[in-house]
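A.B. asks: next one to model:
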Amino acid sequence: MLRTLSSAAPRAILLVSGLLAADAACRRAYDERPIAALSSAPELEARFDSIRARWIVADSKGRAGLRPELAALVIELDKRDDGLEPLARAYLALSWLDAGVPAAAEAVARPLVDGPAGVPNDLGTLVKGAAARRLGHPREAIDLLRPLIGKLIDGFARPLLYEEICESFLDEGRFEEAIAYAEGWLRSAGGAEKKDVRAAVARVLARVPDAVAMRVLEADAVAPPEAKHSPDMTMILTERLENGAGGTDTVGADGGSVSEVGPQVATSDAAPTPPIPIATVILPVRFDPRTIALIVPISSIGWGANASAIVRAAAAVASPALAAAMHADAGIAGTPNPLEHRLAVLDSGGSALGAARAFDAAEREGAGVVIGGLLDAESNVLAALAQQRRIPTVLLRRPSAPPIVPSGEKQSWISVGPSLDEETKATLAIAQGASTDVVIVEPWPVPGDTSPPPIDPKRARCDAQPKLAGATAFPVAAWQAKKIPVIVVLGDARCARKVADEIVTIKGPWRPTLILAPSALELAHVPLPLPRTIVGAGLLPADDGAPSALRVLWKDQGGPVGFFGGLGHDAAALAAAALPGDLLPATELSALQKARATTTTRLMASKAELWTSASNGPGSSGSVPLVTRVRPVPAGSAVSPSWL
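C.D. replies: This is a model prediction of the structure:
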């Protein structure tokens, strides 16, 4: 953090260090009762009133400039054990946020978060949540900030609260939840501030993908009046579509965005598997052996975060650190040649039509290999397109309705992961051996799925929402009343964590066992007060025997490698193995066809160290076999590799 500060940073950090030293020496033993922000010294209260009067009318730069006065006042109040100190400390922490130093803000606010309930505690929690998001931990930020919504927090802090929680949901790829909280932000404003709040909401929601904004507006068009968004929100999203300009991201060897290479292909159309006129598409002829196209539903609600994990892992395959680790794992002496593959990331929006359009864009990019098919509709369409156009393709999941391969023709695609149905069956088989009385939590709905939530009390869905303010999203109280011993989560880790967090809010000894599908296997690495049975796959969840390449990615991304990250790595590793660097770019039709045929042959025989399977390639079937392994994790513990 220090290396990002300006030349004025050394003095600023010394000032924070002085405050932290005062904390260690003078921290009081708080009781749990709310405290009143009153000063025993009129002159100190007058100093704070002067600062607060200027604070209320100041902009962000002005509030940051009040840090020296606030710091001196906090030290004086702390020496006198004055009741005004917590509130003054909260203002100081907020001023560090305004100065763009979230780590310092969190450090100053820490005693407030650990202190009694009241306004200073709320402001301290707000600072901690905002700092967490700005330091790259949006999930932690959501957990901290969500309980503050609806509290009587100071008026000047309310916009910051709404902005930070909206940005956190956007960082997580949970776009519709960001829109829901932005709606609350709009409705919280009144009078003269309404115009400023509307402008702020529009600025924040500029990050919402076109496909999501379109879906929300289309749903509003047929929703009953009481379920529609406000006119302001409708106008913001409409303006977002009119003014927005999407792009296809190109990810280089460092995993960063390098350049824009074409139009965004996200779409809101979501027919299950529509007949697509793939034979009539006419595209420029091109083959680029350096380009790997990755088609994933980045803008899809629920699935966007998993798509991002796939992108990160796939991009890392070409990074020098991971390439060297993979080289070492293979037992090859010397330094590997740098990988020069370019990853072109295309957003499918999660639909069959979106995937088809993205495939068109990938072919225009001249992709040597295409990767995609996280959702079933995508996988089916991409397999059909790959076979018809003879473009080598790696499917992230096995298609449920694969195309027929004509006699005498080679299959043009391989699959790395199981279909969602196969994953479900493997998980439920484990559950059947554990108990006959289970609750099943189904995955996030796919884009365009308008089916209502399950009405069976023993079934729920990852997108469950509370029916009343303050209620739980899942009927955990009803599950407790029935003493359900086993809950099967077929969704991802975010869904499983949501279920676990709501269960532990229920008082009493009821603590059911969670059985988690491979999609949620990284939750094995998180300590929870619930026993878990993890259905792992291949080397995951990772333990002491994890290869060095997996360790490098884990440490680089700052968290566990999950199933989706594993799929991204495996697909990219096999694609890279099929493009070893001896093929030349081609623009002439016969040369292009020959290059694709060579790449397809190599892809079918490709070998690499895979993380989601015990196998090292697709074999003669064209599909990497799924071999699950069951890993029990007792309550209160976690799988913690010794190399962390």
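A.B. asks: out of the helices and strands in this protein, which is least certain?
C.D. replies: Lowest on mean pLDDT, DSSP states H and E among the helices and strands of the chain sits helix 9-26, with a mean of 30.
A.B. asks: before we move on, which element is G448 in?
C.D. replies: Secondary structure assignment for G448, by DSSP states H and E: no helix or strand.
A.B. asks: also P289?
C.D. replies: P289 belongs to strand 288-296 when elements are defined using DSSP H and E.
A.B. asks: please enumerate residues in contact with the helix or strand just after that strand?
C.D. replies: Once the chain leaves strand 288-296, the next helix or strand it forms, by DSSP H and E, is helix 304-316. Helix 304-316 is contacted from outside by 172-175, 251-252, 255, 292, 294, 296-298, 300, 322, 343, 345, 371, 374, 396, 492, 494, 519, 552-553, 556-557, 561-562, 564-569, 571-572, using C-beta atoms under 8 Å, 6 or more residues apart in numbering. C-beta here means a position set from N, CA and C on the backbone, and glycine is covered the same way.
A.B. asks: mind checking which of those residues land in helices?
C.D. replies: Counting by DSSP state H, the part of the contacts of helix 304-316 found in helices is 175, 322, 494, 552-553, 556-557, 564-569, 571-572.
A.B. asks: confidence-wise, which of those comes last?
C.D. replies: Ranked by pLDDT, these bottom out at L322 (65).
A.B. asks: how about stretch 512-528: buried residues?
C.D. replies: For stretch 512-528, a neighbour-count test (16 or more other C-beta atoms under 10 Å) marks 512-526, 528 as buried.
A.B. asks: just the terminal-to-terminal distance for that stretch.
C.D. replies: End-to-end distance for stretch 512-528, by C-alpha to C-alpha, to the nearest Å: 12 Å.
A.B. asks: just stretch 382-397 next, same as before
C.D. replies: Using C-alpha to C-alpha, the end-to-end distance of stretch 382-397 comes to 11 Å.
A.B. asks: and the nearest residue to R187 once chain neighbours are set aside, how many neighbours?
C.D. replies: With C-beta to C-beta, 6 or more residues apart in numbering as the criterion, R187 has its nearest non-adjacent residue at 6.7 Å, and that residue is S230. In terms of burial, S230 registers 11 neighbours under the definition other C-beta atoms under 10 Å.
A.B. asks: list the contacts for S230?
C.D. replies: 183, 186-187.
A.B. asks: how about CSV for the residues you listed, with distance to T125 added?
C.D. replies: Formatted as CSV, the contacts of S230 follow (distance: C-beta to C-beta, whole Å):
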residue, distance to T125
E183, 23
L186, 23
R187, 22
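A.B. asks: phi first, then psi, for the residue nearest to R187.
C.D. replies: Backbone torsions of S230, given as degrees, to the nearest 10, read phi -70, psi 160.
A.B. asks: cool, T450 as well?
C.D. replies: Phi and psi for T450, reported as degrees, to the nearest 10, are phi -100, psi 10.
A.B. asks: now stretch 406-424: average pLDDT?
C.D. replies: The average pLDDT within stretch 406-424 is 92.
A.B. asks: so which bits of that stretch are buried?
C.D. replies: Neighbour counts using 16+ other C-beta under 10 Å place 411-420, 423-424 of stretch 406-424 among the buried residues.
A.B. asks: just for the stretch 1-150 of the chain, where's the confidence low?
C.D. replies: 1-40 (pLDDT under 70).
A.B. asks: let me see the ranges of the helices in it.
C.D. replies: 9-26, 42-57, 60-64, 67-79, 85-98, 102-113, 119-134, 138-145 (DSSP state H, counting those that start in this stretch).
A.B. asks: tell me the most buried of these?
C.D. replies: Among the helices of the stretch 1-150 of the chain, ranked by average contacts under mean count of other C-beta atoms under 10 Å, first place goes to helix 85-98 (a mean of 26).
A.B. asks: gap between it and the chain center?
C.D. replies: Distance of helix 85-98 from the chain centroid (C-alpha atoms, centre = their mean, to the nearest Å) equals 30 Å.
A.B. asks: and it with helix 67-79, angle?
C.D. replies: Using axes from the mean of the first three to the mean of the last three C-alpha atoms, to 10 degrees, the direction of helix 85-98 lies 150 degrees away from that of helix 67-79.
A.B. asks: show me what helix 85-98 is packed up against.
C.D. replies: Where contact means 3 or more C-beta pairs under 8 Å, 6 or more residues apart in numbering; DSSP states H and E, helix 85-98 is packed against helix 42-57, helix 60-64, helix 67-79, helix 102-113, helix 119-134.
A.B. asks: and those helices as CSV, adding distance to K498?
C.D. replies: What follows is the helices and strands packed on helix 85-98, written out as CSV (distance: least, C-beta to C-beta, whole Å):
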stretch, distance to K498
helix 42-57, 37
helix 60-64, 33
helix 67-79, 38
helix 102-113, 23
helix 119-134, 18
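A.B. asks: distance of the spatially closest residue to E172 that is not a sequence neighbour from P512?
C.D. replies: Leaving aside its sequence neighbours, E172 sits nearest to P138 (C-beta to C-beta, 6+ apart; 4.9 Å). Separation of P138 from P512 (C-beta to C-beta, to the nearest Å) stands at 28 Å.
A.B. asks: return the set of buried residues in stretch 621-632.
C.D. replies: Using 16+ other C-beta under 10 Å as the test for burial, stretch 621-632 gives 622-624, 626, 628, 631.
A.B. asks: what mean pLDDT does that stretch have?
C.D. replies: On average, stretch 621-632 scores 90.
A.B. asks: now do the contacts for T600.
C.D. replies: Shown in contact with T600 (C-beta under 8 Å, 6+ apart): 390, 392, 410, 412, 578.
A.B. asks: redo that, cut-off 6 Å
C.D. replies: Contacts here follow C-beta atoms under 6 Å, 6 or more residues apart in numbering; on that basis T600 touches 392, 410, 412.
A.B. asks: from G366, how far out is the residue lying closest to the last one once chain neighbours are set aside?
C.D. replies: Leaving out its chain neighbours, the residue that sits closest to S412 by C-beta to C-beta, 6+ apart is A386, at 4.5 Å. Applying C-beta to C-beta, one obtains 15 Å for the distance of A386 from G366.
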